[in-house]
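[1] Dropping a prediction and its sequence here:
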Amino acid sequence: MEHITQQQGVVSGTSGRRGEKSQITAALQVFAGGACYGAMATTYKLAYAAGFTSAQVVASQAWFGCLFFGVAVLVGHARGRRWERLGPALALRLMVLGALTCLTSILYCHAMSVLPAPVALTLLFQFTWMGLVWQTVMTRRAPRPLELASAAVIVLGTVFASGVYKTGIAGYDPIALACALGAAVTCSLFVTLSGKVHAPCSNEQRGLFVTAGSVIMSLTVCPDYLVSGVLGEGILPFAAVAGFFGLMCPVLLFGMGSPHLPAGLSTVMAAAELPAGLLIAMIVLGEPLGVVEWLGVAIILAGVCLAQLPSLLGGRAARRAAAGQAAS
């Protein structure tokens, strides 16, 4: 009997470690998905400097993200992976996800073209606490104090890291301000719903449906993208980067990680976008970061770590409990 009890303890400890690893892995996947978004601000700036419009960049992101997923599906099919039939309702829900992420790009690009980048970025980053609102609506459970504290710390860090503490947000175009906040709403919805729309198919097939919705939404701002000749005018490098880092990687990573995390935690973990974006801008564009900006980055990362504190403490408690059971 004692031998059986010890075996059960070992099994319990192993499953606890697997659960902890799954939670941490999911959080890292969402964190990496948010970091991929960080490449977009630099890509947008370089594309604008090359003479391309925000509508052309948004359409490039949608079409090339869909193209990359199409290639991935074909490669999977060549390796024997089956194409799963999805019902019309599920296919529509996946395409709505793509429409949301494309709408985020449309609104954010317009805000960036009118507002100073720090102002637009700070308003976009309100998605960190908006995810907690969606979580409350969906679960009818008030956010935990630690979740609220983590979101507040991230928003505070954003004020310093973006430099908006020097400019403020008063006196700017109200439509552009509304677009930036609208981008925050659609971004928080995309991250939240990514974990709620489950599809019985491969990640590549799921991503293809999502990006197809993004392509359809992009037609509202750039309906003539394929026939306009822009692909022969030098937009290809920007399109490839935008499609890969701005659509394919986030859709893939959020789809893998978000289902295993609470909705509010997913949006908090996606806050990796700003630190990654600032670092990329510093390396590629040579934009310097002052002491206050680096402090803001540190505060954001501290907020992200704070959000993961319950998982880490819970994992340690589970290991101690499993070790105690094994010893008895």
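    Perfect, thanks for sending it.

[2] Could you use CA atoms for every contact and neighbour count after this?
    Will do.

[3] What separation do you get for residue 267 and residue 126?
    10 Å (C-alpha to C-alpha, to the nearest Å).

[4] Equivalent analysis for residue 34, please.
    Taken as C-alpha to C-alpha, the span from residue 34 to residue 126 is 14 Å.

[5] just residue 228 next, same as before
    Distance from residue 228 to residue 126, counting by C-alpha to C-alpha: 36 Å.

[6] Now residue 214. Its backbone dihedrals?
    phi -70, psi -40 (degrees, to the nearest 10).

[7] who are the neighbours in contact with it?
    The neighbours of residue 214, taking C-alpha atoms under 8 Å, 6 or more residues apart in numbering as the test, are 62-63, 95, 97-102.

[8] out of residue 267 and residue 126, which sits in the busier spot?
    Between residue 267 and residue 126, counted using other C-alpha atoms under 10 Å, residue 267 has the larger neighbour count: 30 against 25.

[9] which other residues reach whichever strand or helix holds that one?
    Using DSSP states H and E, residue 267 sits within helix 263-269. Identification of contacts with helix 263-269 by C-alpha under 8 Å, 6+ apart yields 27-28, 30-31, 34, 127-135, 147, 150-151, 154, 188, 191-193, 195, 258, 304, 307.

[10] Tell me which of these fall in helices.
    27-28, 30-31, 34, 127-135, 147, 150-151, 154, 188, 191-193, 304, 307 (DSSP state H).

[11] so what's residue 203 up against?
    Residue 203 neighbours (C-alpha under 8 Å, 6+ apart): 252, 255-256.

[12] Among those residues, which one sits closest to residue 184?
    residue 255 (19.0 Å; C-alpha to C-alpha).

[13] That closest one against residue 194, yeah?
    Yes. At 5.5 Å, residue 255 counts as touching residue 194 under the criterion of C-alpha atoms under 8 Å.

[14] Skip the chain neighbours and tell me the closest residue to residue 60.
    residue 239 (4.8 Å; C-alpha to C-alpha, 6 or more residues apart in numbering).

[15] and the one you found, what element?
    Short version, using DSSP H and E: residue 239 is in helix 236-243.

[16] Only the buried residues of that helix, if you could.
    Buried residues in helix 236-243, counted by 16 or more other C-alpha atoms under 10 Å: 238-243.

[17] Show me the strands in the chain, by range?
    Using DSSP state E, no strands are found in the chain.

[18] Low-confidence ranges, the stretch 101-250 of the chain, go.
    Of all residues in the stretch 101-250 of the chain, none has pLDDT under 70.

[19] Count the residues that sit near residue 268.
    Neighbours of residue 268 (other C-alpha under 10 Å): 34.
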